[in-house]
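> Please find the sequence and the predicted model below.
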Amino acid sequence: MSLSGKVTIVTGGANGVGRATCMQLAKRGAKVVVVDLGNDAAAESVVSEIAAAGGEAVSIQADVRSAEQMNRLVENVREIYGRIDVLVCNACTDAEASAFAELSWERFERQLTEELKAAFEPTKAVIPTMTEQHFGRIVYLSSTEGRDPTPLHIAFGTAKGGLDTFSRYIAQEFGPCGISANVVAPGFVKLHEPLTISDDESRVIGSFTPLGRIAEPEDVAGVISFLAGDDARFLTGTYTPVTGGLVME
């Protein structure tokens, strides 16, 4: 499945699933914009690795929660590449563990605001370009915790549930403009924040996962790359759990 010539923006692209997604997209021929904040060395490492493999990438430091910085990012990308075909909203906040009885509204609100702004602002910034092109693919990284509650993660899970709904509204409103919006929802992913777990925990969870293990970042990246490509041209508003069967739709 080729993404030759497609210009893709990946937020939170320096590590984990973001890094694996950048590598997968580049391998399939996309021009990759690695977006991160305060992680310049890691982002440049992704760019160098892509270049060494014969691909094309640039890194841009930007806060995905800032409308000003996202608009500037889009301007920069258009100056470099002339268009924007794919946005992968991978940047997110860490899950704050708390029982509801001990959770203040301020902490709850902060998790919701940070999580949703990390999707809202990049989406708002790229929509005019994608509408002008009458083409765009947007993929949101959610979590199964948005539908399958995990103890002490009420704020994070509620935020991800909001993201899932947000994606469907974007899909509905901008489908006539040639823009799709889909959700990829990992469960446990090896070395992926905020769900990093120990090797012992990985083995235990893998033992009752139908496919026998937890996900690697590349497993999630493969689904993202599929949704970014032409084989997914008639998919929008979808929710795909990437859990090895631990969570089934």
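That came in fine, so what should we check first?

> Now tell me what touches the strand or helix carrying residue 203 from outside.
Here residue 203 sits within helix 199-207, counting by DSSP states H and E. Outside helix 199-207, the residues that touch it by CB atoms under 8 Å, 6 or more residues apart in numbering are 188, 190, 197, 212, 213, 214, 244, 246. C-beta coordinates here come from the backbone N, C-alpha and C atoms, glycine included.

> Just the buried residues of that helix, please?
Residues 202, 205, 206 are the ones in helix 199-207 that count as buried (16 or more other CB atoms under 10 Å).

> Also stretch 26-41?
26-37, 39.

> Same question for stretch 121-134.
For stretch 121-134, a neighbour-count test (16+ other CB under 10 Å) marks 121, 122, 123, 125, 126, 127, 129, 130 as buried.

> contacting residues for residue 70?
Contacts of residue 70 were listed using CB under 8 Å, 6+ apart, and they are 62, 64, 121, 122, 124, 125.

> Out of those, which is nearest to residue 53?
The nearest member of the contacts of residue 70 to residue 53, counting by CB to CB, is residue 62 at 24.6 Å.

> Please list all residues in contact with that closest one.
35, 37, 69, 70, 72, 73.

> pLDDT wise, what is the residue nearest to the fourth one when sequence neighbours are not counted at?
The shortest distance from residue 70 to any residue that is not its chain neighbour, by CB to CB, 6 or more residues apart in numbering, is 3.8 Å, and that residue is residue 125. In this prediction, residue 125 carries a pLDDT score of 98.

> which stretches of the protein aren't confidently modelled?
1, 191-197 (pLDDT under 70).

> and the residue of the chain positioned farthest from its centre, how far is that from residue 143?
Distance from the centre of the chain peaks at residue 101, with 30.7 Å (CA atoms, centre = their mean). From residue 101 across to residue 143, the span is 23 Å (CB to CB, to the nearest Å).

> Same check on residue 245?
For residue 245, the distance to residue 143 - CB to CB - is 17 Å.

> neighbour-wise, which of these two wins?
When residue 245 and residue 143 are compared for neighbours, residue 143 comes out ahead with 29 against 12, by other CB atoms under 10 Å.

> correct me, but the more buried one touches residue 159?
No - with contact defined as CB atoms under 8 Å, residue 143 does not reach residue 159; the gap is 9.1 Å.

> So residue 35: helix, strand or coil?
Under DSSP: H, G, I helix; E, B strand; the rest coil, residue 35 falls in the strand class.

> Would you mind listing the residues in contact with the closest residue to it other than its chain neighbours?
Sequence neighbours aside, residue 11 is the residue nearest to residue 35 in space, at 4.6 Å (criterion: CB to CB, 6+ apart). Taking CB under 8 Å, 6+ apart as the contact definition, residue 11 lies against 18, 35, 36, 64, 87, 88, 89, 90, 91, 118, 122.

> Pick out the most distant pair among those.
Farthest apart among those by CB to CB are 36 and 87. That separation is 14.7 Å.

> Can you give me the distance of the residue nearest to residue 134 when sequence neighbours are not counted to residue 95?
Closest residue to residue 134 apart from its sequence neighbours, by CB to CB, 6+ apart: residue 178 at 4.0 Å. Distance of residue 178 to residue 95, given as CB to CB: 34 Å.

> Same drill for the two, tell me which one is more crowded.
Legend: neighbour count by other CB under 10 Å for residue 178 and residue 95, higher for residue 95 (21 against 14).

> the strands in the protein, which residues?
7-11, 31-36, 56-61, 86-89, 136-141, 179-186, 239-242 (DSSP state E).

> Tell me which of these lies nearest to residue 150.
strand 179-186 (12.7 Å).
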